[in-house]
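Engineer: I would like the atomic coordinates for the input below:
(chains A and B)
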Amino acid sequence: AQKVTQAQTEISVVEKEDVTLDCVYETRDTTYYLFWYKQPPSGELVFLIRRNSFDEQNEISGRYSWNFQKSTSSFNFTITASQVVDSAVYFCALSSVYSGTYKYIFGTGTRLKVLA
Amino acid sequence: DTGVSQDPRHKITKRGQNVTFRCDPISEHNRLYWYRQTLGQGPEFLTYFQNEAQLEKSRLLSDRFSAERPKGSFSTLEIQRTEQGDSAMYLCASSDTGHNYGYTFGSGTRLTVV
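Structural biologist: Modelled structure (predicted):
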């Protein structure tokens, strides 16, 4: 069975603080994809990053960085120098390549509140 | 290209009524997905189309739910005899065939059954 766990339900930080959102996944597949999406109050899920299971390099995009560790089945997301506009719900998702469907298994999300 | 469009954005209906939602994917995307998201939860997979063929349905999609994608373009999701438990955000997404670069989601249709 596949599962994604985001244990942090809600996090509040003060603007300019760094914050890390945790994601732990379970899968028996050897090939899979991991994603992070942002859901602002408007409701639309916005794609942030995709990582395949063979690429464990960390990635940085501006203030965003991702740490993928297969040994601990984690794919954590860090926002550096957070801003009020970062306030949203963030979802981690897992997708298998074997079904051909590429459907996602989402975690329950972490609500990030950045206070001015 | 204006992304994935969903209509309506909000729908309030009385229990027992039928409702239909529409999704217009990105025009060159062959894959189309429907997900359902309840309050405080992540989206859950409902069904998947490749072109006009519905290739997978979740067991969450009861007999009261039906989805179509005629001619492989827009898609509709119909719920018959709505129940209060159907209240949720219904999200549509599309993607390229053969790639798993990530979906493009629409803004969703929020259904409230009263």
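
Engineer: ok, which residues in chain A are in contact with chain B?
Structural biologist: Residues of chain A lying close to chain B (CB under 8 Å from any CB of the partner chain) are A:4, A:33, A:35, A:37, A:42-47, A:50, A:91, A:93, A:95, A:97, A:99-109. From N, CA and C alone the C-beta is placed, and that goes for glycine too.

Engineer: next to chain A, which bits of chain B? Give me the list.
Structural biologist: Residues of chain B lying near chain A (CB under 8 Å from any CB): B:31, B:33, B:35, B:40-45, B:48, B:55-56, B:89, B:91, B:93, B:95, B:100-108, B:110.

Engineer: which among these end up buried?
Structural biologist: Buried members of the residues of chain B next to chain A, counted by 16 or more other CB atoms under 10 Å in any protein chain shown: B:31, B:33, B:35, B:42-45, B:48, B:56, B:89, B:91, B:93, B:95, B:100, B:102-108, B:110.

Engineer: who are the contact partners of the residue in chain A that chain B sits nearest to?
Structural biologist: Distances between chain A and chain B by CB to the nearest CB are smallest at residue A:106, namely 3.1 Å. Residues in contact with residue A:106 (CB atoms under 8 Å, 6 or more residues apart in numbering or on different chains) are A:4, A:91, A:92, A:93, B:42, B:43, B:44.

Engineer: report the central residue of chain B.
Structural biologist: residue B:34 (3.4 Å; CA atoms, centre = their mean).

Engineer: and residue A:71, that's in a strand?
Structural biologist: No: under the criterion used here (DSSP: H, G, I helix; E, B strand; the rest coil), residue A:71 is helix, not part of a strand.

Engineer: quick check: it vs residue A:56, distance?
Structural biologist: According to CB to CB, to the nearest Å, residue A:71 stands 9 Å off from residue A:56.

Engineer: more crowded one of the two?
Structural biologist: A count of neighbours by other CB atoms under 10 Å in any protein chain shown puts residue A:56 above the other of residue A:71 and residue A:56, at 12 against 6.

Engineer: out of everything not next to it in sequence, what's closest to the more buried one?
Structural biologist: Nearest residue to residue A:56, sequence neighbours excluded (CB to CB, 6 or more residues apart in numbering or on different chains): residue A:68, at 5.3 Å.

Engineer: what lies in contact with the host helix or strand of the one you found?
Structural biologist: In the assignment (DSSP states H and E), residue A:68 maps to strand A:64-69. Outside of strand A:64-69, the residues within contact range by CB under 8 Å, 6+ apart are A:34, A:36, A:48-49, A:51, A:55-60, A:74-80.

Engineer: and after that strand, which helix or strand comes next?
Structural biologist: Next along from strand A:64-69, by DSSP H and E: strand A:74-79.

Engineer: pLDDT below threshold where in chain A?
Structural biologist: The model of chain A has pLDDT under 70 over residues A:99.

Engineer: where along it do the strands fall?
Structural biologist: A:3-5, A:10-14, A:19-21, A:24-26, A:32-39, A:46-52, A:59-61, A:64-69, A:74-79, A:88-96, A:104-106, A:110-115 (DSSP state E).
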